[in-house]
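# Dropping the sequence and predicted coords here.
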Amino acid sequence: MQDEPLAGLEDSSWNNCYWSPEDTRDWIKTHLGPAMKSAGYGDVQLMIHDQTRDTIPWYVLPCLDDAECNQYVDGTALQWYADWWTSPDSMDETHNLYPEKFMLYTESCDGWNAEPDEKVILGSWVRAENYAFNVLEDLNHWATGWVDWNMALNMSGGPDWAGKAADSPIIINTDAGEFYKQPMFYALGHFSKFIPPGSIRMPSSVSGPGSGDVIAVAVHDIPSLTDVAIILNRGDSSKSVSVDSGSGMEFMNFVMPAKSITTILFQEH
């Protein structure tokens, strides 16, 4: 409904308006929802919250527990900025309460809290790893998608009138007439290329020596009838990996280099 409805309580350089959960509930059920429906836009999906996950399910409870408001709400929007110090358990809790409502990550970017001279770091693998880890974690906790805040920015991480520069998968050097595809660009490609719309996440787990450095997600690609496993090794050493296709009889064995992302496709027979 609105980006960061709780930001109005903070001293922020962004223009914003405070919406309490109860304000959101009442405005949707009394004004926005009926207006969209009567104008012929009832099929437009409406998301609430659009904050960090440390405020769910608290923020969405008044809206989704109210039948009049609930009928107009399709999902919960999330942003990644608190993910590094908050548990994804809040996503599981929210899904268990309202399994019919999707959760979508609508805003993520690295470098947002960095020093001015590190807003953009060309060639940063750490930031690619941050992206991949966050997408994998979110998908494993019921997120249905993940949206980067910026497609392309300049060498300073702008333009930006509010002083909130950040890094981006593509950086444009206007002086040289060049653009640079960052490691973040290729990290996101593992997901955007191999998990098309309509795919379904499957149960998956990682175990064994050194598994604390490894995170993975498995999905069933409905359009091409392919099973997909995306694996991230954040460790400083290579890992011997054995991937079970799910049958318990077929395995793919390989050595995964340190600091790497691998995508495996299993074609159905």
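Happy to help now that I have it. Numbers count the residues shown, from 1 in each chain.
# Can you point out the buried residues in stretch 156-173?
Neighbour counts over stretch 156-173 (16 or more other CB atoms under 10 Å) mark Gly157, Gly158, Lys164, Ala165, Ala166, Asp167, Ser168, Pro169, Ile171 as buried. Every C-beta, even on glycine, is put in place using the N, C-alpha and C of the backbone.
# so which pair among these is furthest apart in space?
Lys164 and Pro169 (17.3 Å; CB to CB).
# Closest one of the buried residues of stretch 156-173 to Ser20?
Checking those one by one against Ser20 (CB to CB), the nearest turns out to be Lys164, at 24.4 Å.
# Go ahead and report the secondary structure state at that closest one.
Secondary structure, DSSP: H, G, I helix; E, B strand; the rest coil: Lys164 is coil.
# Okay, it and Ile172: tell me how far apart.
Distance of Lys164 to Ile172, given as CB to CB, to the nearest Å: 18 Å.
# tell me which element the nearest residue to Trp146 once chain neighbours are set aside falls in.
In this structure, Trp146 finds its nearest non-sequential neighbour in Tyr105, 4.3 Å apart by CB to CB, 6 or more residues apart in numbering. Following DSSP states H and E, one finds Tyr105 within strand 102-107.
# who's in contact with that strand?
Residues external to strand 102-107 that are found in contact with it (CB atoms under 8 Å, 6 or more residues apart in numbering): 3, 47, 50, 74-80, 91, 94-95, 138, 142-147, 149.
# Would you mind pulling the contact partners of stretch 50-69?
By CB under 8 Å, 6+ apart, the residues outside stretch 50-69 that reach it are 1-6, 21-22, 24-26, 28-29, 33, 48-49, 70, 73, 76-83, 86, 88, 90-91, 93-94, 97-98, 101, 106-107.
# Stretch 120-127 too?
Under CB under 8 Å, 6+ apart, the answer for stretch 120-127 is 110-111, 114, 153, 155-157, 165, 167-168, 171, 180, 182-184, 259.
# So, low pLDDT: which residues of this protein?
Per-residue confidence of the chain (counting by pLDDT under 70) places the weak regions at 268-269.
# show me where it has strands.
Assigned by DSSP state E, the chain shows strands spanning 47-52, 75-79, 102-107, 143-146, 152-154, 170-173, 178-181, 200-202, 214-221, 226-233, 239-244, 251-256, 260-267.
# can the ones you listed go into JSON lines with extra columns for distance to Leu188?
JSON lines is the format used below for the strands of the chain (distance: least, CB to CB, whole Å):
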{"stretch": "strand 47-52", "distance to Leu188": "20"}
{"stretch": "strand 75-79", "distance to Leu188": "17"}
{"stretch": "strand 102-107", "distance to Leu188": "12"}
{"stretch": "strand 143-146", "distance to Leu188": "8"}
{"stretch": "strand 152-154", "distance to Leu188": "13"}
{"stretch": "strand 170-173", "distance to Leu188": "11"}
{"stretch": "strand 178-181", "distance to Leu188": "10"}
{"stretch": "strand 200-202", "distance to Leu188": "17"}
{"stretch": "strand 214-221", "distance to Leu188": "14"}
{"stretch": "strand 226-233", "distance to Leu188": "11"}
{"stretch": "strand 239-244", "distance to Leu188": "22"}
{"stretch": "strand 251-256", "distance to Leu188": "19"}
{"stretch": "strand 260-267", "distance to Leu188": "10"}
